[in-house]
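Peer 1: for reference, the sequence and a predicted model appear below.
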Amino acid sequence: MLHPATLTFLTQLKANNDRAWFEAHRPAYQAAKDDFLALATRVLADLAAADPTLARSDLQAKKCVFRINRDVRFSANKAPYKNHFGAWFNAGGKAAPTAGYYLHLEPGASFVAGGMYMPEPAVLARVRQEIDYDLPAFEALLHQPEFVRHFAGLDQDNRLQRPPKGYDAANPALPHLKLKSFTASHPLPDAVLTAPGLPARVGAAFTALRPLVDFLNRAVE
């Protein structure tokens, strides 16, 4: 579970997102960062126990956690810091093109998610090819009881309006082939973030995601 002060820090950062405030509250930031890292360490250990790919890697939790500093070079939003903590669990590291698991901590908007977000064109083409080739297996994993219990299907953001190049409009896999990301997400209400059962809840959601992660990685590896 997380300490309530971690959520308090992120809430205050959202209202005071500037360097002067951040430097004045650096001890609170460090405590919140350490708290989230402890959660990420527990989550990674549970994932490695359930996913042989992660178990075989030398992945460390500190390498999974994203920096809080924002890259503002190409953004109209010049706020220097993120209002959340995030961690990406992938055997290949944060830069790997493969599917993995994501934990997002933001008061009022926390969630767990997994899959593959906006892959490069060559990777996207291979995933679509695998879905087209083995549609029954792909749809079966989306209907597994544990997946359905945790997720309301695949996220539908940024989907194509027309069939992707090379696929017919009558293709039964078209609802999936139009996707440009293959992800699913599960909200984490604030009330559960400071409860003892938080690691187990995150772990259960990630376990439900594993068939999707495995399918996507088979398509590209």
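Peer 2: Right, received. Where do you want to start? This is a predicted model, so every value here is computed, not measured.

Peer 1: hey, what's the closest residue to residue 89 other than its chain neighbours bridged with?
Peer 2: In this structure, residue 89 finds its nearest non-sequential neighbour in residue 101, 4.3 Å apart by C-beta to C-beta, 6 or more residues apart in numbering. Where C-beta positions appear, they are placed from N, C-alpha and C, glycine not excepted. Beta-bridge pairing for residue 101 (DSSP bridges): residue 89, residue 114.

Peer 1: which ones are touching residue 101?
Peer 2: Residues in contact with residue 101 (C-beta atoms under 8 Å, 6 or more residues apart in numbering) are 47, 88-90, 112-114, 206, 209, 213.

Peer 1: please name the bridge partners of residue 188.
Peer 2: What pairs with residue 188, by the bridge criterion (DSSP bridges), is residue 110.

Peer 1: hang on, isn't it packed against residue 201?
Peer 2: Yes: at 7.2 Å, residue 188 counts as touching residue 201 under the criterion of C-beta atoms under 8 Å.

Peer 1: neighbour count: those two, which is higher?
Peer 2: In this view residue 188 and residue 201 are compared by other C-beta atoms under 10 Å, and residue 188 has more residues nearby, 20 against 16.

Peer 1: phi and psi next, for residue 144.
Peer 2: phi -60, psi 140 (degrees, to the nearest 10).

Peer 1: with residue 29 instead?
Peer 2: Backbone torsions for residue 29, taken as degrees, to the nearest 10, come to phi -60, psi -50.

Peer 1: okay, it: pLDDT?
Peer 2: At residue 29, the model reports a pLDDT of 98.

Peer 1: give me every residue that touches it.
Peer 2: 9, 13, 22, 68.

Peer 1: do you know how far residue 99 is from residue 83?
Peer 2: Computed with C-beta to C-beta, to the nearest Å, the distance linking residue 99 and residue 83 is 26 Å.

Peer 1: neighbour count winner among the two?
Peer 2: residue 99 (27 against 17).

Peer 1: which residue packs closest to the more buried one, ignoring adjacent ones?
Peer 2: Leaving aside its chain neighbours, residue 99 sits nearest to residue 216 (3.9 Å; criterion: C-beta to C-beta, 6+ apart).

Peer 1: please, where are all the helices along the protein?
Peer 2: Assigned by DSSP state H, the chain shows helices spanning 4-15, 19-24, 26-50, 52-56, 61-64, 121-133, 135-142, 145-150, 174-177, 190-193, 198-220.

Peer 1: looking at the contacts of residue 29, which is nearest residue 2?
Peer 2: residue 9 (10.7 Å; C-beta to C-beta).

Peer 1: what's the burial count for the spatially closest residue to the closest one that is not a sequence neighbour?
Peer 2: Counting by C-beta to C-beta, 6+ apart, residue 32 is the residue found nearest to residue 9 once chain neighbours are left out, at 4.2 Å. Other residues lying near residue 32 total 23 when counted by other C-beta under 10 Å.
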